[in-house]
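**Student:** model the following, please.
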Amino acid sequence: MYTGAIDNAPTENLRDLIINVSASLLSIPLVFLLYDYTNSKVANQMKKNMSQNLTDRLNMVMVNLILVLRESMGVRGKPTSDNLNRMLTWRAPEISHRLNISAPLLKKMQDCHDDMDTILYRNGLHDILAQDTFQILSSVARDMAHLINETKFHGRKRVSAKYIENMMTHILDWLDSDNIAALNFQQHLSSDQDLASN
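**Tutor:** Now for the predicted structure:
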């Protein structure tokens with residue numbers, strides 16, 4: 001169109017009009033391509049940031065949950081990875097023997113459950129977590145809800161111990177299934193150790 005306008009236009013105004021139209025026809029797709037490219041880059045960066053934020057929040061919730069579980073079973077000492085692994089492999093009879101969930105601990109557990117629900121809801125909106133991680137966390141949240149209800153309404157230690165055993169099994173599954181989350185979790189655990197010792 002441009003070359004035809006330069007060679008065959010009878011007047012200068014018509015030639016300028018055709019050149020402007022041809023430039024517009026060329027620039028519109030370029031603007032859309034640039035917009036689409038920029039939009040995809042921004043969306044990818046936003047999803048990456050959301051993923052990192054969700055992972056950090058999830059690790060904090062899991063650290064808080066483990067600290068609440070430790071306190072409910074009377075576990076003392078620094079929460080190291082060895083102590084954590086040993087505690088997470090306890091079975092219901094031993095848990096039942098140690099279990100003592102007070103009202104403040106129940107409140108902390110409810111806060112952990114609310115935070116976990118928020119994380120799972122946000123993941124549902126943006127689909128950030130892997131499917132197996134989402135299922136494991138959903139199982140932790142479900143067992144936590146059952147434990148809270150059991151403690152509030154019935155107070156049967158053996159049933160509560162079974163829910164805690166299930167939660168601890170799911171936490172181990174989560175640590176095994178997501179290596180990056182496990183590394184971040186270990187960092188959060190060691191930073192909580194440092195905070196607790198100061």
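
**Student:** contacts and neighbour counts: CA atoms only from here.
**Tutor:** Fine.

**Student:** walk me through the domains of this protein.
**Tutor:** What the record gives for the chain is the domain set 2-35, 46-197, from automatic domain parsing.

**Student:** any idea of the mean pLDDT for stretch 50-57?
**Tutor:** Mean pLDDT, stretch 50-57: 83.

**Student:** which strands and helices lie in contact with the helix or strand harbouring Ile148?
**Tutor:** Per DSSP states H and E: Ile148 is located in helix 131-153. Helix 131-153 sits against helix 103-126, helix 157-177, with contacts defined as 3 or more C-alpha pairs under 8 Å, 6 or more residues apart in numbering; DSSP states H and E.

**Student:** give the buried residues for the first one.
**Tutor:** If I follow you right, that is helix 103-126. Using 16 or more other C-alpha atoms under 10 Å as the test for burial, helix 103-126 gives 106, 108-110, 112-113, 115-117, 119-120, 123.

**Student:** got any ranges where this protein has weak pLDDT?
**Tutor:** Within the chain, the segments meeting pLDDT under 70 span 1-9, 178-186, 188-198.

**Student:** go through it and flag its longest helix.
**Tutor:** helix 12-72 (DSSP state H).

**Student:** after it, next one along is what?
**Tutor:** helix 81-88.

**Student:** quick one: distance of that next one to the chain centre.
**Tutor:** Centroid separation for helix 81-88 versus its chain: 23 Å, with C-alpha atoms, centre = their mean, to the nearest Å.

**Student:** what angle do helix 12-72 and that helix make with each other?
**Tutor:** Calculated by axes from the mean of the first three to the mean of the last three C-alpha atoms, to 10 degrees, helix 81-88 forms an angle of 70 degrees with helix 12-72.

**Student:** what does helix 81-88 rub up against?
**Tutor:** Taking contacts as C-alpha atoms under 8 Å, 6 or more residues apart in numbering, the residues outside helix 81-88 that touch it are 165, 168-169, 171-172, 186.

**Student:** other SSEs contacting whichever helix or strand comes after it?
**Tutor:** The helix or strand immediately downstream of helix 81-88 is helix 92-98, counting by DSSP H and E. Where contact means 3+ C-alpha pairs under 8 Å, 6+ apart, helix 92-98 is packed against helix 157-177.

**Student:** the helix it packs on vs helix 131-153, what angle?
**Tutor:** Using the same axes, to 10 degrees: helix 157-177 against helix 131-153 is 160 degrees.

**Student:** what about helix 157-177, distance to the chain center?
**Tutor:** 19 Å.

**Student:** in JSON lines: the helices and strands packed on helix 131-153, plus distance to Met46.
**Tutor:** JSON lines is the format used below for those (distance: least, C-alpha to C-alpha, whole Å):
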{"stretch": "helix 103-126", "distance to Met46": "11"}
{"stretch": "helix 157-177", "distance to Met46": "24"}
